[in-house]
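1. need coordinates for the below:
(2 chains)
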Amino acid sequence: MIFSKKEKPVVAYTVEKCTSCGKEQKREFRDGDMLFAESSECSACKAKTSISKIFGQTIE
Amino acid sequence: MNFTDISIDQFLGSDNSNPMMWLIWIIPIVIFMFYGQRIQLKITSGEINKGIEKLLKYKEESSRELLSHLKKNFSVQQDAAKRVDDFMEYFTIMPVDMDPSGIMPKIKHLMRSREDYTRIQVRALCQSDDQYELSKVQNLLEVVTALHLLHKIVRHLFLIAKKQNNFPLILPLQMMLPFIMEQAEALKDSVSALKRGQPIGDGIGPMVVGKMMLGTKKRAVTFETVCSEIEFEQRKVLLLKAEGPHATVGRPGDAVETLASEKKPDIIIMIDAALKLEGETSASVAQGFGAAIGGIGTDRFQIEEIATKHQIPVYAIVIKQSIKEAITLMTKDIAEKADEVESRVYQTIRENTSAGQSVLVIGVGNTLGVPQ
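-> As a prediction, this is how the structure comes out:
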């Protein structure tokens, strides 16, 4: 329809925070991701990261 | 042909006694006098019809998604679709409120019975014991049921007004429809987050308390509700939230009752998502007094009763959000407020208690995707 608003897609992201140096990395959400769970290695100090945030962002 | 010399008076006739002109004015007036409401009814009907079609589409889409989720994750039987359809028609008869005294325990009993029955039904449908997955299905079923109910009610009111050609009857529906559609859209959008186990906006309270609980020893207080203890500046802080990462709100009323008699907290701090007013900034944090908890009101009633009985002040910290933000995937703005809320909790503890006292901090809301 001409006047109908087009829905903007929302993408889910996961933020991993390094438990050692505090560096944050943002990536797309993967099934099984859960808040506070241990995640991948930190790209800077190779320590373990934990998931600090999971949120959705609208793609403009 | 020259059109520049046509005068309006000449075209329409300046003479008031012209019977044609008289008819041109009088006929619409007569039509609108007798059929005005019907014309308006037809125009409004078109708008409402579109809304009803949308509601039906939302209901069917979410029902389809629920069924595909069931088939993908569980070994469901062939009659799963029929069982979901049957479930959508379940109803709850609220207690008589002509004599409201003593109505709360009745409502609580009714809601508990309904919850227990739903849980049994979901377990039978999924043939699984995985509480996390079952809680997600239970929430999805509630979404589909809510959409089904919205569609049925709007359609009923619309058909009644149309059947009786009653325009005033359709007016309240026309006024309410945008609010109903907003709620329906939010419910439809919540399906994706529920299926994937992502935290929703309402989960900000459990998220803050869950983070504070990390590394502590947790124990179950009541059904699907956990508690742990930490020490903060010589104060004992009791942390309470629904058991994550399940899609549940737990039983905070019963848990507060147990903890109030066991631990005798000096203050209670409740953290919850609150519906923002139009114009208010989303994810803004506000502090106040009283039991910050939504739902049908039984838990709030219970917490207020206990707080009054034991003379415990109740402080509230709310994170404002729209209805859509509250039940769909948590937004970035809301997620980023977790640290600010946590520091406000500590500030409230510092300001309102002294060393040696104890505090009960409750993270209220659906704890989907938020462990502790």
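
2. now stretch B:52-66: buried residues?
-> Neighbour counts using 16 or more other Cβ atoms under 10 Å in any protein chain shown place B:52, B:54, B:55, B:56, B:58, B:59, B:62, B:63, B:65, B:66 of stretch B:52-66 among the buried residues. Where you see a C-beta, it was placed from the backbone N, CA and C, and this is true even at glycine.

3. next one: stretch B:296-306
-> So for stretch B:296-306, counting by 16+ other Cβ under 10 Å, buried means B:298, B:299, B:300, B:301, B:302, B:303, B:304, B:306.

4. got these as TSV, with distance to chain A columns?
-> Listed next are those as TSV, based on distance: Cβ to the nearest Cβ, whole Å:
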residue	distance to chain A
B:298	28
B:299	24
B:300	26
B:301	31
B:302	28
B:303	26
B:304	30
B:306	30
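
5. so which bits of the stretch 101-250 of chain B are right by chain A?
-> B:193, B:196, B:197, B:198, B:199, B:207, B:210, B:211, B:214, B:245 (Cβ under 8 Å from any Cβ of the partner chain).

6. recalculate using a threshold of 10 Å.
-> B:132, B:185, B:189, B:192-193, B:195-201, B:203, B:206-207, B:210-211, B:213-215, B:244-245 (Cβ under 10 Å from any Cβ of the partner chain).

7. out of the residues you listed, which end up buried?
-> If we count by 16+ other Cβ under 10 Å, those have these buried: B:132, B:185, B:189, B:192-193, B:195-201, B:203, B:206-207, B:210-211, B:213, B:244-245.

8. the residues you listed in helices, which ones?
-> Mapping those onto helices (DSSP state H) picks out B:132, B:185, B:189, B:192, B:193, B:195, B:196, B:206, B:207, B:210, B:211, B:213.

9. domain assignment for chain B?
-> B:35-196, B:201-363 (automatic domain parsing).

10. highest mean neighbour count out of the ones you listed?
-> domain B:201-363 (a mean of 20; mean count of other Cβ atoms under 10 Å in any protein chain shown).

11. which non-adjacent residue is nearest the residue in the stretch 201-350 of chain B positioned nearest to chain A?
-> Closest contact between the stretch 201-350 of chain B and chain A, by Cβ to the nearest Cβ, is at residue B:329 (3.7 Å). Distance criterion Cβ to Cβ, 6 or more residues apart in numbering or on different chains; nearest residue to residue B:329, sequence neighbours excluded, is residue A:56 at 3.7 Å.

12. one more: residue B:37?
-> residue B:167 (4.1 Å).

13. list the contacts of the one you found.
-> B:36, B:37, B:38, B:39, B:40, B:41, B:42, B:44, B:45, B:161, B:174 (Cβ atoms under 10 Å, 6 or more residues apart in numbering or on different chains).

14. returning to that earlier point: now, the buried residues of stretch B:52-66 that are in helices?
-> Going by DSSP H, the helices hold B:52, B:54, B:55, B:56, B:58, B:59, B:62, B:63, B:65, B:66 from these.

15. quick one: residues contacting the third one.
-> With Cβ under 10 Å, 6+ apart as the criterion, the residues that contact residue B:55 are B:147-148, B:150-155, B:177, B:180-181, B:184-185, B:188.

16. out of those, which comes closest to chain A?
-> Of the contacts of residue B:55, the one sitting nearest to chain A (Cβ to the nearest Cβ) turns out to be residue B:185, at 9.2 Å.

17. local confidence estimate at that closest one?
-> Confidence at residue B:185, expressed as pLDDT, is 95.

18. same question, residue B:95
-> The per-residue pLDDT of residue B:95 was computed as 95.

19. now the residue nearest to it when sequence neighbours are not counted: which helix or strand?
-> Among residues not flanking residue B:95 along the chain, residue B:106 sits closest, at 4.1 Å (Cβ to Cβ, 6+ apart). Element membership of residue B:106, judged by DSSP states H and E, is helix B:103-126.

20. packing partners of that helix?
-> With contacts taken as 3 or more Cβ pairs under 10 Å, 6 or more residues apart in numbering or on different chains; DSSP states H and E, helix B:103-126 sits against helix B:19-73, helix B:80-88, helix B:131-163, helix B:252-263, helix B:298-310.

21. against residue B:301, how distant is the residue nearest to residue B:95?
-> 12 Å (Cβ to Cβ, to the nearest Å).

22. same check, this time on residue B:248
-> 20 Å.

23. and for residue B:289?
-> Distance from residue B:289 to residue B:301, by Cβ to Cβ: 17 Å.

24. just residue B:339 next, same as before
-> Taking Cβ to Cβ, one finds residue B:339 at 32 Å from residue B:301.

25. and if you look at residue B:325?
-> Distance from residue B:325 to residue B:301, by Cβ to Cβ: 26 Å.

26. same deal with residue B:262?
-> Counting by Cβ to Cβ, the gap from residue B:262 to residue B:301 is 21 Å.

27. for chain B, see how far away the closest residue to residue A:59 other than its chain neighbours is.
-> Closest residue to residue A:59 apart from its sequence neighbours, by Cβ to Cβ, 6+ apart: residue A:9 at 5.1 Å. To chain B, residue A:9 is 11 Å away according to Cβ to the nearest Cβ, to the nearest Å.

28. show me the contacts for residue A:9.
-> Neighbours of residue A:9 in contact, by Cβ under 10 Å, 6+ apart: A:56, A:57, A:58, A:59, A:60.

29. tell me the secondary structure at the last one.
-> Secondary structure, DSSP: H, G, I helix; E, B strand; the rest coil: residue A:60 is coil.

30. show the pLDDT at the nearest residue to it once chain neighbours are set aside.
-> Spatial nearest neighbour of residue A:60, chain neighbours left out: residue A:8 (6.6 Å); criterion: Cβ to Cβ, 6+ apart. Residue A:8 is assigned a predicted lDDT (pLDDT) of 81.
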